[in-house]
Every structure is written in C-alpha cells, then in structure tokens.
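A.B. asks: Only the shape, not the letters, is given here:
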C-alpha cells in the first residue's frame, strides 16, 4: 500500500488538541510528529483542518440481504464514509434474519466485496437458536444482538428462560434493544380503543413509553448483574434509564455499558409536528427533558457511546399513516455533522465527540488497533473543516432511500477527507472505491 503524509492537521485525540503531521504506511499510522520530512506517495495539506479518529458506529441496519430496495451494504457504507464513519457494526434483522452461523458468514462475504468502510456483524438471537448463538467467535464478531422488544421477523426474545440462557452462557458482549412488549401492547390497545385507526405520530412516545424502556432496561441490567454478563444497552431514550448505569468504573472494567443515538440527542417530541413519520423511531424520540438528560448522561459518563441506529426505509413507506409507517431513518451520512453542530452550539467538545464516537467504542468492544490516533494503529481518520457550511439537500444525500430527517439543515462543518485502514476513500465529494474496508478484529 502507498504511503500518505498528512501535513499540519489539528489532531483531536485522547482528550488533547494539537497540531502535528501524520505518516501512514501499509494502512497503519507509522509516525505522529510536529514535523515529518519523509517522502510519501501522497501528501495532503491539512492546515486549518481538524483530524479526528473515524467514527465507529456500533449500530446500523444496512438492509442487505433481503431488503435492498431500502438500502444495501455498498450504498450505505458509501454514505457512512462521506459522513466520517470509518467502521460499522450491522444488525441481524435482515431477511432472512441472521440467526445461523452460515447466514452470518454470508453477510461477511458480501461486505468483503462491497463495503467501503470497515465492518462487523452482530449474531442474532431468537427464542430458539441458543445453540447457534453459542457458536459465535468472540475474536471476529462484534457481539450478540437481543431484541427485548418487537422487531423484524422472528427476533423478539420474550421467553424468560431463553433470556436467562443467553445472559448466563453468552461468550461475548450482548447488545440489547430494550422496550417491554407487554407495556407497549397495553398502551397500543388503550390508544386504539380511544382513537381507532386514527392514531397520530405525536402519540408514538406515549405508546412506546418511557415506562416500556425503563422496565426492559432494568430487566436486562438485573440479568447482567445476576450472571456477570457483558451487557451493552442500545439507544437510551429516557431520563429514567440514565440512572441505572454507573459512571464510577473505568470503561475498560465496566460489565454494563450504554449507547445514545444522534436522533435522541437532536430531536424531541416538539419536532413531530414538522417531521412526522420521518422521525418515527423505536425507541421513540421523547421529551426535551429526556433529550437533555441523555446528553448529560453522555457527558457525565453514564452513557459511554454515541451511535446512529441508521435504519432506512423508502419515502413511500414513511408516507403511510402512522400505524403502517415503519420505524427508523437514515443517519450515517449526517451523524458526525450533527455532533459537530452541537459542538458549535457549546453542548459538547471536540474531544468528547472523539471519545464517545471512537475511543470508547474501541474500548467497549475491545476492537483491535482502531478508534485512536496512535502509532501502530490502523489509519481510520477524518479531516473536518470546522467552518465550511454545508446544507443537506436532495442532491447531496447519498442514502439509497434518497431522503434524510436533516434535509434543509445547514451544518456549520464539512467532512473533507475520510481514510479507511490507511486508504483515502473519500475526498471532497469524490470516492475512491478501488479498495474495500476490512473486517474488524477483537482482542477477546
């Protein structure tokens, strides 16, 4: 692989911001120094630009196989790379659901040929595949995914004994979607009794309520404490849930961790009036107080990671009435831009963005040599022009579904270059697709 020299960048890494040159060789960061005079095959003038470790997104739904009219690994990894996401971990609720080792291997095979970003895939759990789950190799698979709430296909795990089996026997990290199904069904029945089929999007966070989230998250935490499971709870959406986590333990020693998603940090229930089903997610976007509490939980160390839960649907599907419209939306292209906007708003620092989107993800999942700007580590890097505004329009949206909940938003910062395992994969609107990303490895 060729050598690359990044000159004069302002590095944001491990709590510090400083100007340095970075030399990349054979895909790895070979040297970081105030001035590097070595010859390189390619030299990039990064004066005035900030260099961050690439975002590692621990929760995406790229829809391949089986739902490729919405998205596929090539299109969504391309959007991710343009958005400064250098690695992703993809969820098992594709069609068919990823419930066997063979189906898991199939997804890795597709990604090895099609993904511009580095990749890993979760093994899915159901009520009847514990034997397959236990075959998963912790060294080369990011984790096991358990839906403790309604999901696509045969993936709702609501059998108490099965949950006990998974939590007691899982050989690796267990990531959970926590919403209590009985609470949701009870709420839905009450709303249908009152409104019939005329339920509207503003009722979504009342049906998929804070109580439903807290009940399920509390159960997951109690099971994890009972069996010392390595538990990671995804997309925290309520103030109540923040309090069940601990910020007194170093992340590397935590057995229970949590993730917040960009949409729960950006939107709240006041936005339903304008955005409608475009911001229909599970768990639901809830109140301004919930949004503020989640951000505080992130900054105070109760919540460890920021991710996207990128889950595209077609605009035609989103235009259906509330009860028929699917939950989820595309986010990978604009997640880092949104976080940088929150930096400009004084809500989060650049160092905290690097920590929550890269450092902590690498530590949490024990990813081999990624997530930090360090000599000897893979060069997964993002250059950002902090004061170069970009407006999100139909013309520059890269998702296969062709829309974004951020459409019309002008972001103050622009992502100019993205390096994937030492390969300059994206530069100012242009992609270099000659190399694919690499499969993530884990030090477990």
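C.D. replies: Thanks, I have the structure now. Bear in mind that the values here come from a model prediction, so they are computed numbers and not experimental data.
A.B. asks: Return the residues in contact with residue 385.
C.D. replies: Contact partners of residue 385, counting by Cβ atoms under 8 Å, 6 or more residues apart in numbering, are 48-49, 413-414, 416. Backbone N, C-alpha and C define where each C-beta goes, glycine included.
A.B. asks: Kindly recompute the last result at 6 Å.
C.D. replies: 49, 414, 416 (Cβ atoms under 6 Å, 6 or more residues apart in numbering).
A.B. asks: Residue 138 now?
C.D. replies: By Cβ under 6 Å, 6+ apart, the contact set of residue 138 is 171-172, 444.
A.B. asks: Among the residues you listed, find me the one that's closest to residue 145.
C.D. replies: Residue 145 lies nearest to residue 172 out of these, by Cβ to Cβ, at 11.3 Å.
A.B. asks: could you say which helix or strand contains the nearest residue to that closest one once chain neighbours are set aside?
C.D. replies: Once flanking residues are discounted, residue 172 sits nearest to residue 138: 3.8 Å by Cβ to Cβ, 6 or more residues apart in numbering. Per DSSP states H and E, residue 138 falls between elements, in no helix or strand.
A.B. asks: coming back round to it: can you redo the contacts of residue 385 as a markdown table with secondary structure and neighbour count?
C.D. replies: A markdown table is the format used below for the contacts of residue 385 (DSSP: H, G, I helix; E, B strand; the rest coil; neighbours: other Cβ atoms under 10 Å):
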| residue | secondary structure | neighbour count |
| --- | --- | --- |
| 49 | coil | 20 |
| 414 | strand | 18 |
| 416 | strand | 19 |
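A.B. asks: pLDDT weak spots in the stretch 151-300 of the chain?
C.D. replies: Regions of the stretch 151-300 of the chain meeting the criterion pLDDT under 70 cover residues 151-153.
A.B. asks: how about the helices in it?
C.D. replies: 160-169, 181-195, 204-207, 210-227, 239-242, 262-266, 272-275, 288-299 (DSSP state H, counting those that start in this stretch).
A.B. asks: Please identify the deepest-packed of the ones you listed.
C.D. replies: Of all these, helix 262-266 has the most neighbours on average by mean count of other Cβ atoms under 10 Å, namely a mean of 23.
A.B. asks: Drop the exposed ones from the contacts of residue 138 and show what's left.
C.D. replies: In terms of neighbour count (16 or more other Cβ atoms under 10 Å), the buried residues within the contacts of residue 138 are 172, 444.
A.B. asks: Need the distance between the two termini of stretch 165-183.
C.D. replies: Terminal residues of stretch 165-183 lie 23 Å apart, using Cα to Cα, to the nearest Å.
A.B. asks: contacts for it?
C.D. replies: For stretch 165-183, contacts defined as Cβ under 6 Å, 6+ apart pick out 125, 130, 138, 143-150, 158, 211-213, 215-217, 220, 223, 227, 229-234, 283.
A.B. asks: does residue 10 have beta-bridge partners, and which?
C.D. replies: Counting by DSSP bridges, residue 10 forms beta bridges with residue 19, residue 50.
A.B. asks: distance of the spatially closest residue to residue 226 that is not a sequence neighbour from residue 248?
C.D. replies: Nearest non-adjacent residue to residue 226, counting by Cβ to Cβ, 6+ apart: residue 167, 7.2 Å away. Counting by Cβ to Cβ, to the nearest Å, the gap from residue 167 to residue 248 is 23 Å.
A.B. asks: All good on my end, thank you.
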